[in-house]
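Asks: coords please:
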Amino acid sequence: MSTTVLVAGNHFIRPDLFTRAVRTAAGDTPLDVREIRFDWPHTPLGPVAEVIEASGSEDEMIEALRGAEICVTEHGPLTERILAHCPDLKLFCTSRGGPVNANVEAATRHGVAVCYAPGRNATATAEHTLTLLLAAARGVGDAHTDLRRGVWRGDYYDYDNCGIEIDGATVGLIGFGAIGSRVARILAAMGAHVLVHDPYVRPEALAGLAEQVSLDELLTRSRIVSLHARVTEETTGMIGSRQLARMPRGSVLVNCARGALLDYDAVCDALDSGQLSGAGFDVFPEEPLPATSRLLTAPGAVLTPHIAGGSQEVAHKAARIVAADVGRYLRGEPLVHCANPEVLRAG
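Replies: This next block holds a predicted model:
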């Protein structure tokens, strides 16, 4: 008898990518795979009932999940109502870095294991961070805009307008997880002296690569600062006017982590005054970025629309990570990336 699997893809991780990965991980286990596709990223994510960031509707999921034991998705919601209407569901796999589109507490009550895909976009985000860092350090954003407008700005060679080289520079990383550690290795290979502020990092992880310092020391010593922290009560708004004032004049700031870490009005003030010579941002306090945002006209700002984690490789990696736990589930093996392992112990 086959196991019924719902694959709910989108325009990034297409249903066929999920299906191929799941069938590979399942081996000889017979599967009945159903596919649906939600409209993200063409339609933005939003709240679905008590889930704050998802794609699709409860009614769509309830209908598609009828009789399904396993669901594999990126943004499909898992809510209390969906769980109540889908008693056959036993495993919900979201290919996000965390189970943000699932009500894990409700899933636990209903006996549904929730898996996710940590580290899926670490390489892509690290590379994009370097893209913005280099562009902001060398004034690429404004130079590109001027040239496309037909303006040849020879004054970019003026000493005060010249950019910063990475070789020999002190670069501070706030956060040293899967992404920050990759950025550190790349920067060190380019000849930078890397400082790290992360109260949770083990000293041996930094050996020969970076120096652990306090936040104030990092800001004071670093010509370039890049954010890689998670958003918590402690880190929300952690960089504002006081912290920016501690950085050397003409410094560069990069954020590919979360918009809530920064006071963007303070950043715009610092760019306007020259305290910051450049900045690279992929995340913002409000997304999409409003047309009235000061960032759109701030000098030296290089902006991308929250695409750091988007690469073709990420789509394949994410599908493989969650599919691997599907395979483990089908073989009766322990799940590796489970948000509520107590469900498994209870079973």
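Asks: need the distance between the two termini of stretch 271-289.
Replies: 18 Å (CA to CA, to the nearest Å).
Asks: and for stretch 259-277?
Replies: 20 Å.
Asks: can you give me how far it is from the chain middle?
Replies: 21 Å (CA atoms, centre = their mean, to the nearest Å).
Asks: do stretch 38-53 as well
Replies: 16 Å.
Asks: mind listing what the spatially most central residue of the chain touches?
Replies: Among the residues of the chain, the one closest to the centroid is residue 309, at 5.5 Å (CA atoms, centre = their mean). By CB atoms under 8 Å, 6 or more residues apart in numbering, the contact set of residue 309 is 120-121, 124-125, 128. Heads up, the C-betas are built off the backbone N, CA and C, glycines and all.
Asks: now, which of the residues you listed lie within strands?
Replies: Among the contacts of residue 309, no member is found in strands (DSSP state E).
Asks: pipe those into CSV and attach distance to residue 155 and neighbour count per row.
Replies: Listed next are the contacts of residue 309 as CSV, based on distance: CB to CB, whole Å; neighbours: other CB atoms under 10 Å:
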residue, distance to residue 155, neighbour count
120, 43, 26
121, 38, 23
124, 35, 22
125, 34, 26
128, 29, 22
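Asks: these in helices, which ones?
Replies: 124-125, 128 (DSSP state H).
Asks: distance to residue 40 and pLDDT for those residues - can I get that in JSON lines?
Replies: Putting those into JSON lines (distance: CB to CB, whole Å; pLDDT from 0 to 100) gives the following:
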{"residue": "124", "distance to residue 40": "17", "pLDDT": "97"}
{"residue": "125", "distance to residue 40": "18", "pLDDT": "97"}
{"residue": "128", "distance to residue 40": "19", "pLDDT": "98"}
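Asks: need these in CSV with distance to residue 140, can you?
Replies: Below are the ones in helices among the contacts of residue 309 laid out as CSV (distance: CB to CB, whole Å):
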residue, distance to residue 140
124, 20
125, 19
128, 14
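Asks: surely residue 136 and residue 299 touch.
Replies: No: contact criterion CB atoms under 8 Å: residue 136 and residue 299 do not qualify, at 11.3 Å.
Asks: so for these two, which residue has more residues nearby?
Replies: For the pair residue 136 and residue 299, the greater number of neighbours falls to residue 136 (27 against 16), based on other CB atoms under 10 Å.
Asks: got the end-to-end distance for stretch 296-313?
Replies: Stretch 296-313: ends 30 Å apart by CA to CA.
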